[in-house]
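S.K.: quick one, fold the following:
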Amino acid sequence: KNQKTDEEVDDELSNKILRLIKGRNSVNIAELSRILDISCDKILDILYKLAGEEKISFKELNVII
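M.R.: As a prediction, the model looks like this:
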C-alpha cells in the first residue's frame, strides 16, 4: 500500500508549511502556493487546521493573500 491517505498528505503539507513559516511573523499565501505547488485555498485550509490545533496563531501571524 503505497498510496497515502489524504490525511497523511495533509499532515505532510502541514509540517512543510509549519517549517516554512516558523519564526516568521507573516506568511504569503501566494508564495507558499508557488513553493509547494498547491492551491491557495488548500494552504488556507491547512492554516486554519493548524490554528485549530493551536500550532499557529492568526493573532501573531500576518497572512498576506
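S.K.: what is the three-state secondary structure of the residue minimising distance to the centre of the chain?
M.R.: Centroid check for the chain by Cα atoms, centre = their mean gives Ile17 as the closest residue, at 4.1 Å. Following DSSP: H, G, I helix; E, B strand; the rest coil, we place Ile17 in the helix state.
S.K.: do the same with Tyr48
M.R.: helix.
S.K.: how many neighbouring residues does it have?
M.R.: Tyr48: 12 surrounding residues under other Cβ atoms under 10 Å. (Glycine included, C-beta is placed from N, CA and C.)
S.K.: so where is this protein shaky, pLDDT-wise?
M.R.: Flagging of the chain using pLDDT under 70 yields the residue ranges 1-2.
S.K.: which residues in this structure form helices?
M.R.: For the chain, the helices defined by DSSP state H cover 6-21, 29-36, 40-52.
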